[in-house]
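Novice: I would like the atomic coordinates for the input below:
(2 chains, ligands or ions: 2)
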Amino acid sequence: MDDEVADMNMALMVDGNAVAGELQQIFGRDMTTAVARCAGCASDAEMGALLAFTRGPGVVLRCPTCRAAIARIVETTTAIYLDARGAAYVRMGSRP
Amino acid sequence: MQPALEWQVGEVTRVRTETPRTKTLTLALPKWMAHRPGQHYDVSLTAPDGYRTERSYSAASEPERAGEVDLTVERIDDGEVSPYLDDVLMPGDQLEVRGPIGGYFVWDVSLGGPLLLIGGGSGVVPLMAMLRHRAAQKAPIPARLLYSSRSAQEVIYRTEFERLADGDGELEVVFTFTRHAPPGWTGYQRRIDPAMLDEVMQSLGNGVRSYVCGPTLLVEAVSNALVAMGLPAGRVRTERFGPTGT
Ligand SMILES: Cc1cc2nc3c(=O)[nH]c(=O)nc-3n(C[C@H](O)[C@H](O)[C@H](O)COP(=O)(O)OP(=O)(O)OC[C@H]3O[C@@H](n4cnc5c(N)ncnc54)[C@H](O)[C@@H]3O)c2cc1C
Ligand SMILES: [Zn+2]
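Specialist: Numbering: from 1, shown residues only, chains lettered A, B, ... in the order given. Ligands and ions are numbered 1, 2, ... in the order given. Coordinates of the predicted model:
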């Protein structure tokens, strides 16, 4: 990736909090304060603090520490796909 | 349990011009719920051919105002959604929204202070919801707002900031202008930098909670600076609006 593309992607980046609506639609509760552990570097972050890229087809959430993809969300006309293989786990309070 | 997040159709009841590029829409919502200051609504537009697109807009009003919510929208000239919201919608029109959304970028008086709010351009919108709520609750929590705009003309909520800060010894609002300062201006006229942050924070003491909102590149720079100055990362909450403005 050349620098110009990298700069552009940087300017388009938002927070996991920006996709709170999509996450809430999938999980039925607010997920922005749930904690995701990165499968790559093992650091923890609230999902609202993940780096979100929303301008491609679907959404990619990345680890703020190592930038690895934690989760991808793609919505088609009939289904929502959630690929969360970049998360070791997601921890949420039992009483939302 | 939280109630399910549902789309609902609100009615525009008022449109107010804030700056040459910014308007506030008041929406009456049939399924209104109190928001936590900092939360946003998703707005959905559907074209006649069925094409649907969504954007997020922060609640600008305080949750004490029941039944309706203010959204303040900056027009991005080549944007898909904001020119429609600012230039086309009129009182009586309908708008599809869902919310309030997001528990991450929120503050209310129960969290306490001291409070450091840093906004660029339309990034001041969710911060205003926090300040309006703080005023509605008459909470004497020390608070500073550092607000970066291109020029004085582009300052959103200017007279209300003056009114809020007037007679509130715990609140200070500090402006910086990045392109044109008004004649005779003696305050800041540059982008927010660590020296400015340090001066604005000085009188706040320890345990500061900070909320940084605006164009992504501003939020990047400011949040990195705050962490470098020793604020715990968990106390630096960010809301990046994307490439929007500067
Ligand atoms: C949580 C949250 C809260 C927000 N709250 C507010 C608010 O209170 N008030 C407010 O005014 N805004 C707010 N925003 C921003 C808002 O959601 C929109 O992003 C903004 O209104 C622009 O939308 P648009 O459709 O008009 O422009 P878009 O069509 O989305 O384009 C915006 C700009 O980005 C450029 N751009 C878009 N996509 C690309 C691309 N792929 N490559 C290069 N350039 C691109 C466009 O050229 C244009 O200049 C918020 C954003 C978030 C995430
Ligand atoms: Zn990681």
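
Novice: mind listing the helices for the chain?
Specialist: You didn't say which chain, so I picked chain A. With DSSP state H as the criterion, chain A has helices at A:3-12, A:20-27.

Novice: I was thinking of chain B, sorry if that wasn't clear
Specialist: Using DSSP H, helices in chain B cover B:82-87, B:124-136, B:158-165, B:194-201, B:216-228.

Novice: Extract the CA atoms of the third one and return them as CSV.
Specialist: Presented in CSV, the C-alpha positions along helix B:158-165 are these (Å, rounded to 0.1, in the frame of the first residue of the first chain):
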residue,chain,number,x,y,z
ARG,B,158,-21.7,30.4,19.8
THR,B,159,-24.2,32.5,21.7
GLU,B,160,-25.3,29.5,23.8
PHE,B,161,-21.7,28.8,24.8
GLU,B,162,-21.4,32.4,26.0
ARG,B,163,-24.6,32.1,27.9
LEU,B,164,-23.6,28.7,29.5
ALA,B,165,-20.2,30.0,30.6
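
Novice: and it with helix B:124-136, angle?
Specialist: Computed by axes from the mean of the first three to the mean of the last three Cα atoms, to 10 degrees, the angle separating helix B:158-165 from helix B:124-136 equals 40 degrees.

Novice: so how far is helix B:158-165 from its chain's centroid?
Specialist: Here the centre of helix B:158-165 is set off from its chain's centre by 15 Å, with Cα atoms, centre = their mean, to the nearest Å.

Novice: re earlier: can you say which of the helices of chain B is nearest to B:P182?
Specialist: Across the helices of chain B, B:P182 has its closest neighbour in helix B:158-165 (11.2 Å, Cβ to Cβ). Bear in mind the C-beta positions are built from the backbone N, C-alpha and C, glycine included.

Novice: ok, and what's touching that closest one?
Specialist: B:M128, B:L131, B:R132, B:A135, B:L145, B:Y147, B:A152, B:V155, B:L171, B:E172, B:V173 (Cβ atoms under 8 Å, 6 or more residues apart in numbering or on different chains).

Novice: rerun at 10 Å
Specialist: Helix B:158-165 has contacts (Cβ atoms under 10 Å, 6 or more residues apart in numbering or on different chains) with B:18-19, B:124, B:128, B:131-132, B:134-135, B:143, B:145, B:147, B:149, B:152, B:155, B:157, B:171-175.

Novice: That one: which residues count as buried?
Specialist: B:R158, B:F161, B:L164, B:A165 (16 or more other Cβ atoms under 10 Å in any protein chain shown).

Novice: In TSV, list the helices of chain A along with distance to B:H35, mean neighbour count and mean pLDDT.
Specialist: Output for the helices of chain A, formatted as TSV (distance: least, Cβ to Cβ, whole Å; neighbours: other Cβ atoms under 10 Å in any protein chain shown; pLDDT from 0 to 100):
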stretch	distance to B:H35	mean neighbour count	mean pLDDT
helix A:3-12	26	11	75
helix A:20-27	12	21	94
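
Novice: Out of the buried residues of helix B:158-165, the closest to ligand 2 would be?
Specialist: Among these, B:F161 lies closest to ligand 2 (Cβ to the ion), at 39.4 Å.

Novice: burial measure for the residue in chain B that ligand 2 sits nearest to, as a count.
Specialist: Ligand 2 sits closest to B:A233 of chain B, with a gap of 14.2 Å, by Cβ to the ion. Residue neighbour count, defined by other Cβ atoms under 10 Å in any protein chain shown, stands at 12 for B:A233.

Novice: My understanding was that it contacts A:D44; is that so?
Specialist: No - B:A233 lies out of contact with A:D44 (Cβ atoms under 10 Å); the separation is 11.1 Å.

Novice: and for these two, which residues touch both?
Specialist: With Cβ under 10 Å, 6+ apart, B:A233 and A:D44 have no common neighbours.

Novice: show me where pLDDT drops low in chain B?
Specialist: Applying pLDDT under 70 to chain B flags residues B:1-3, B:245-246.

Novice: Give me the domain ranges for it.
Specialist: Using automatic domain parsing, the domain parsing of chain B gives B:8-101, B:109-240.

Novice: Between the ones you listed, which one is closest to A:A11.
Specialist: domain B:109-240 (5.4 Å).

Novice: That closest one and ligand 1, are they touching?
Specialist: Yes - Domain B:109-240 lies within reach of ligand 1 by Cβ under 6 Å from any ligand atom, at B:S122, B:V125, B:E239.

Novice: give me the residue from chain A nearest chain B.
Specialist: For chain A, the residue closest to chain B is A:G48, as judged by Cβ to the nearest Cβ, at 2.5 Å.

Novice: Point me to the residue sitting farthest from the middle of chain B.
Specialist: In chain B, counting by Cα atoms, centre = their mean, B:D49 sits farthest out from the average C-alpha position, at 32.9 Å.

Novice: other SSEs contacting the top strand by length along chain B?
Specialist: Taking DSSP state E as the criterion, chain B has its longest strand at strand B:8-19. In terms of contacts (3 or more Cβ pairs under 10 Å, 6 or more residues apart in numbering or on different chains; DSSP states H and E), strand B:8-19 is packed against strand B:22-28, strand B:40-46, strand B:68-74, helix B:82-87, strand B:94-101, helix B:158-165.
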